[in-house]
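**Q** Build me a model:
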Amino acid sequence: QVQLVESGGGLVQAGGSLRLSCRASARTFSMYYMGWFRQAPAKEREFVAAIGSTGRRIIYADSVKGRFTISRDNDRNTVYLQMNSLKPEDTAVYYCAAVPYGLGNLEDSQTYDAWGQGTQVTVSS
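**A** Next up is the predicted model:
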């Protein structure tokens, strides 16, 4: 099973930027659809963005459209989440997730069968 390791979280002021990375262990990384989710304290995990195996299919949650950009580098087995114009409400633990061949609803956390350990993003006002 693919293993995922996130990095890049931290503390940033409102309006600032961060780039999260998620490196996968699978040699067949290019067959995986990748997603980013986040979970704030006392809230359910929510969908942020997803990207298809070639990068041509991309979807975003309405709350991050125009501010966040998901991308991937299959040669580096890595998916990225560039976060700009950050708001305090973006504060959460961010998780990357993987599913082979993108079977299922990419906005549903139940679709994914591999998860990273999460990285904390804190946006101060």
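
**Q** And stretch 68-77, what's buried?
**A** 68, 69, 70, 72, 77 (16 or more other CB atoms under 10 Å). Bear in mind the C-beta positions are built from the backbone N, C-alpha and C, glycine included.

**Q** which residues touch it?
**A** 23-26, 29-30, 34, 36, 48-51, 53, 55, 58, 60, 78-84 (CB atoms under 8 Å, 6 or more residues apart in numbering).

**Q** returning to that earlier point: widest-spaced pair of the buried residues of stretch 68-77?
**A** Pairwise distances across these peak at 21.0 Å for 68 and 77 (criterion: CB to CB).

**Q** so how far is the helix or strand residue 48 falls within off the chain centroid?
**A** Per DSSP states H and E, residue 48 falls inside strand 46-51. The chain centre lies 6 Å from the centre of strand 46-51; the measure is CA atoms, centre = their mean, to the nearest Å.

**Q** Compute the number of surrounding residues for the closest residue to residue 1 other than its chain neighbours.
**A** Take residue 1 and drop its neighbours on the chain: the residue closest to it by CB to CB, 6 or more residues apart in numbering is residue 114, 5.8 Å away. Residue 114: 18 surrounding residues under other CB atoms under 10 Å.
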